[in-house]
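>>> Show me how the following folds:
(one chain, ligands or ions: 1)
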Amino acid sequence: MEILIHDSPEAGAKVAARVVRKIIQTKVNPVLGLATGGTPLRMYKELIKMNHAGELSLQNCTTFNLDEYGGLPPEDKRSYHYYMMSNLFDKIDINKDNVHLPQGNANDLREACREYEKQIKDAGGIDLQVLGIGANGHIGFNEPTGSFASRTWVKILSEQTIQDNSIYFDKLEEVPRHVVTMGIATIMESRHCMLLANGAKKADAIRRMIEGPVSASCPASILQMHQRVTIVLDDEASYLLTFKDHYKWVEKNKLDWQLY
Ligand code: PGA
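Numbers count the residues shown, from 1 in each chain. Below you'll find the predicted structure:
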């Protein structure tokens, strides 16, 4: 695992945006896996800035989002469709025919999940998958104890995640109980994963992911088995790491071509 620790979420977002830029600039038709939530917002702002400054075009990109709430139509302001349009896609030069999110309100959810997997495969797989992490260690909406072999499917949110995400809804009861999410196996097939986390609230999940045993009790810990993972943290999210000094040492001694 490549672990990059920065003083602030702003500094981390800049590095994360440069990781995305590098993939886009080295691939003819890059395929990006994208995430929602509070964490990637700063990185999206950086990408928008690069796009507006003429430094980066996303015209040739195809995107697949990690997850979506069940039952919310795309125009619902709390849906991840709406989030992606308003926080990124409406503000950059991407071709919207090439953006994909799971269909949380499809008539046949199971068929929609199978189709989503096929679309990812037909696009040639994901070059870079951006991830956040839940305080309980989830990635996408894959909650603790879910199968590491899972594919895009309908899942039930844990009570903790419902509580955490209720800040985006008027009432706790309005948070959908079921969601559609890429599975752990889907995420693991991405050629490069980049996970972002900030704040002390994530520190325990980060410790378990990086330094704990690989266990479905902390779904993100499976990333220890992935061949190419970049983890971008702020100081607070990294404060429980036993080998924090080592990670900083490694970063300081990188070769030029290993930097972003
Ligand atoms: P957050 O969510 O970015 O809003 O903290 C991350 C997640 O639950 O995966």
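>>> of all the residues in the stretch 1-150 of the chain, which ones are close to the ligand?
For the stretch 1-150 of the chain, the residues in contact with the ligand (CB under 6 Å from any ligand atom) are 37, 38, 39, 132, 133, 134. The way it works is simple: take the backbone N, C-alpha and C, and place the C-beta from them, glycine included.
>>> Do I have it right that the first one meets residue 132?
Yes. Taking contacts as CB atoms under 8 Å, residue 37 lies within contact range of residue 132: 4.7 Å.
>>> are any of the residues of the stretch 1-150 of the chain next to the ligand buried, and which?
Neighbour counting over those (16 or more other CB atoms under 10 Å) leaves 37, 39, 132, 133, 134 as the buried ones.
>>> Tell me which two in these are the farthest apart.
Maximum pairwise distance in these, criterion CB to CB, is 10.5 Å, between 39 and 134.
>>> Report whether the lowest-mean-pLDDT helix or strand in the chain contacts the ligand.
Lowest mean confidence among the helices and strands of the chain (mean pLDDT, DSSP states H and E): helix 159-165, at a mean of 94. No. Helix 159-165 lies out of reach of the ligand by CB under 6 Å from any ligand atom, never closer than 6.6 Å.
>>> Contacts for that helix next, please.
134, 135, 136, 138, 141, 143, 157, 172, 175, 177 (CB atoms under 8 Å, 6 or more residues apart in numbering).
>>> give the contact list for the closest residue to the ligand within the stretch 101-250 of the chain.
Closest to the ligand within the stretch 101-250 of the chain is residue 132: 3.1 Å, counting by CB to the nearest ligand atom. Shown in contact with residue 132 (CB under 8 Å, 6+ apart): 35, 36, 37, 39, 40, 139, 195, 196, 197.
>>> can you check residue 235 too?
5, 6, 7, 8.
>>> In strands, which of the residues you listed appear?
The strands, defined by DSSP state E, take in 5, 6 from the contacts of residue 235.
>>> Pull out the buried members of the contacts of residue 235.
By 16+ other CB under 10 Å, the contacts of residue 235 give 5, 6 as buried.
>>> Just the closest of the contacts of residue 235 to residue 14, please.
Closest to residue 14, out of all of those and judged by CB to CB, is residue 6, at 8.4 Å.
>>> was I right about the closest one contacting residue 236?
No. If you go by CB under 8 Å, residue 6 and residue 236 don't touch, sitting 10.8 Å apart.
>>> Pull the residues that contact the longest helix anywhere in the chain.
Assignment by DSSP state H gives helix 9-26 as the longest helix of the chain. With contact meaning CB under 8 Å, 6+ apart, helix 9-26 is reached by 4, 6, 30, 32, 40, 42-43, 45-47, 50, 55-58, 60-61, 127-128, 130, 192, 194, 196, 198-199, 230, 232-234, 260.
>>> out of the residues you listed, which are buried?
Here, 16+ other CB under 10 Å leaves 4, 6, 30, 32, 40, 42-43, 45-47, 50, 56, 58, 61, 127-128, 130, 192, 194, 196, 198, 230, 232-234, 260 buried among the contacts of helix 9-26.
>>> For my notes, please list the contacts of residue 235 in a markdown table and give distance to residue 118 and pLDDT for each entry.
Formatted as a markdown table, the contacts of residue 235 follow (distance: CB to CB, whole Å; pLDDT from 0 to 100):
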| residue | distance to residue 118 | pLDDT |
| --- | --- | --- |
| 5 | 38 | 97 |
| 6 | 38 | 96 |
| 7 | 43 | 95 |
| 8 | 41 | 97 |
